[in-house]
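> Provide a 3D model corresponding to the input given below.
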Amino acid sequence: MAEITRKRTGELLQELFAILLASPAGLPAREALHQLAASVTLTPYEAGEYESGGRRFEKVVRFATVDCVKAGWLVKDKGTWSVTDEGRQALQVYPHPEEFYRRAVKLYAEWKASQPNSDTGSASTMTNELKPADEISASPDTSAKAVSVTFDEAEEQAWSEISAYLKAMNPYDFQDLVADLLRAMSYHVNWVSPPGKDGGVDILAWPDPLGTRPPRIKVQVKRQQQAVSVEGLRSFMAVLGDNDVGLFVCTGGFTKDAEYEARTQEKRRITLIGLEKLFDLWVEHYDRLSDQARRRLPLRPIRFLAPLN
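Sure, this is the predicted structure:
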């Protein structure tokens, strides 16, 4: 029977890592897999599908990345994959594909053995370390990996829909969403810019209802695709007074230069909030949002078996 060998799995993983390293901020999983499929020649077997559905190539790569995550070589966050410094080093230390994959599997086994109630001596666990990746994916001992893959795919789908929803939101509705979040965080919003010129400030808020206690919070909100440049950040910082705190919210994120500028400020206090951070704050304070606010970005948790951390 045709199979995807350990060496072939290592080749796919190493090529995936090379693709991800070319994008330091990481790539959405689907984009990374798309680029990987375009950069290698898939065999008919790899390009085929499992009876349960799903292309064999993608399933095998996803299963193998579980080993890499537990090895500390790969990070997955909201459907975005990125290589860690340890992963970059592993590429250099283990240049041979089979050796690279074997090391990832070994580190996964060590992680699994360290978990509470782990059956470290089971024959199936030891045997799976020696099996080809395609055989492992069908083994009962990999139920934890199957759960991880399911969890990853669910998170990717959810984040894809949520981020698309926020990016397509009317700019003024998005501005109101940010104001609602500040209220849920116990800040007192006393002004939200109406349509038209705003002088570089979209929201004003204070720690107290009367606005007598510093700092005053000035917020600029950008619902746009492109990242804010350092010049755009400096334009906003120009409207901040000595006792102000600036919040810059942008769905497109910020360039590396802009992030560095904000991080190294000595006189101006400013916080940059990209789409992912905004969503995390929304979830964290969801219980304190008004019913009207929740309708701007309604969320409903779905519970299913999650992978071990």
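> For the stretch 51-200 of the chain, which segments count as strands?
74-77, 80-83, 188-192 (DSSP state E, counting those that start in this stretch).
> List just the one of those strands that sits closest to Tyr108.
strand 74-77 (11.4 Å; CB to CB). All C-beta spots, glycine's among them, are computed from the backbone N, C-alpha and C.
> Tell me the confidence at the closest residue to Arg103 other than its chain neighbours?
Using CB to CB, 6 or more residues apart in numbering and skipping the chain neighbours, the partner closest in space to Arg103 is Tyr94 (5.3 Å). Tyr94 carries a pLDDT value of 97.
> Relative to the whole chain's centre, how far out is the lengthiest helix in the chain?
As assigned by DSSP state H, the longest helix anywhere in the chain is helix 143-167. Distance, stretch centre to chain centre, for helix 143-167: 10 Å (CA atoms, centre = their mean, to the nearest Å).
> And the contacts of that helix?
28-30, 59, 62-63, 66, 69, 76, 78-79, 112, 136-137, 174, 223, 225, 251, 275, 278-279, 297, 302, 304-308 (CB atoms under 8 Å, 6 or more residues apart in numbering).
> Show me where this protein dips below the pLDDT cut-off.
For the chain, the stretches with pLDDT under 70 are 1-2, 52-53, 117-142, 198, 306-309.
> Which stretches in it count as helices?
In the chain, the segments counted as helices under DSSP H are 6-21, 29-39, 44-47, 56-70, 85-93, 97-113, 123-128, 133-136, 143-167, 171-184, 230-237, 256-263, 275-284, 291-294.
> what angle sits between the fifth one and helix 6-21?
What it means is helix 85-93. Using axes from the mean of the first three to the mean of the last three CA atoms, to 10 degrees, the direction of helix 85-93 lies 130 degrees away from that of helix 6-21.
> for the longest one, same thing?
Here helix 143-167 points in a direction 20 degrees away from that of helix 6-21 (the same axes, to 10 degrees).
> Looking at the strands of the stretch 51-200 of the chain, which one is packed in the most?
strand 80-83 (a mean of 21; mean count of other CB atoms under 10 Å).
> Please state the offset of that one from the chain centre?
A distance of 8 Å separates the centroid of the chain from that of strand 80-83, by CA atoms, centre = their mean.
> Mind giving me the packing neighbours of that strand?
helix 6-21, strand 27-28, helix 29-39, strand 74-77 (3 or more CB pairs under 8 Å, 6 or more residues apart in numbering; DSSP states H and E).
> contact partners of that strand?
By CB under 8 Å, 6+ apart, strand 80-83 touches 17, 20-21, 23-29, 32, 65, 73-75.
> same thing with stretch 285-303?
Under CB under 8 Å, 6+ apart, the answer for stretch 285-303 is 154, 162, 165-166, 169, 173, 176-177, 180-181, 183-186, 282-283.
> From Leu297, how far off is the closest residue to Pro195 other than its chain neighbours?
Distance criterion CB to CB, 6+ apart; nearest residue to Pro195, sequence neighbours excluded, is Tyr172 at 6.2 Å. From Tyr172 across to Leu297, the span is 15 Å (CB to CB, to the nearest Å).
> Then Pro28?
Taking CB to CB, one finds Pro28 at 20 Å from Leu297.
> just Phe248 next, same as before
20 Å.
> returning to what we had before: looking at the helices and strands packed on strand 80-83, which one is packed in the most?
It is helix 6-21: most buried of the helices and strands packed on strand 80-83 by mean count of other CB under 10 Å, with a mean of 21.
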